[in-house]
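S.K.: could you work out the structure for the sequence below:
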Amino acid sequence: MRTPQLCARTRWHTLLHLYDENFLRLLALFPHLPQFSGEWRSVLGADGAISVRLIARETHTAVIKLTHVEARNSTPDAYLRVYFDARQAEVTHFQSGAELRKLLAPNSDAKAIARRRLRLNLFLSKWLDFLADLGHHKGSWQRVDFEPANPEQSGLQR
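M.R.: Here you go, the predicted model:
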């Protein structure tokens, strides 16, 4: 049986609602969000750590990198754009790669971009809930000194 397709208006409404919810989930997990700078880390024993790093900040927006650091590896890396005035947070991408460049190419299908944004932000919503369930909370964060030697280390592509 085929899954019913969401109409464009419903998909857009769902996506904006996810942006609102993700902002609230992120703020509950990391209340330093509106004022923070640099890098912060929450460590919970064997379950690894979460790292939040500020990539860029403007008056009403910030780009941050959220990483779940495990003992074996450092994945996933989510790049989020946070809109403080609108109280929304959206995933711009997970790590960087050819798939993102291909998707955002000038001839990309608008429906494919919308579906991808919806999937990415649904994943973020579930991931933030998972991190909160692990026990990461407002009292578990510590500031980490971090200054990238060059802009390429930040992971932000221009």
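S.K.: so for the biggest helix by length in the chain, mean pLDDT?
M.R.: For the chain, the helix with the greatest residue count under DSSP state H is helix 110-134. Per-residue pLDDT over helix 110-134 has a mean of 87.
S.K.: show me what counts as buried in it.
M.R.: By neighbour count with 16 or more other Cβ atoms under 10 Å, helix 110-134 contains the buried residues 114, 116-118, 120-121, 124-125, 127-128, 131, 134. Every C-beta, even on glycine, is put in place using the N, C-alpha and C of the backbone.
S.K.: swap in stretch 79-90?
M.R.: 79-82, 84, 88-90.
S.K.: what helices and strands are in contact with the longest helix of the chain?
M.R.: Contact here means 3 or more Cβ pairs under 8 Å, 6 or more residues apart in numbering; DSSP states H and E; on that basis helix 110-134 packs against helix 8-29, strand 74-83, strand 88-94, helix 98-103.
S.K.: if you average pLDDT over each of those, which is lowest?
M.R.: Among the helices and strands packed on helix 110-134, helix 98-103 scores lowest, at a mean of 49.
S.K.: quick one: the nearest residue to residue 18 once chain neighbours are set aside from residue 44, how far?
M.R.: Nearest residue to residue 18, sequence neighbours excluded (Cβ to Cβ, 6 or more residues apart in numbering): residue 121, at 4.3 Å. Taking Cβ to Cβ, to the nearest Å as the criterion, residue 121 is separated from residue 44 by 25 Å.
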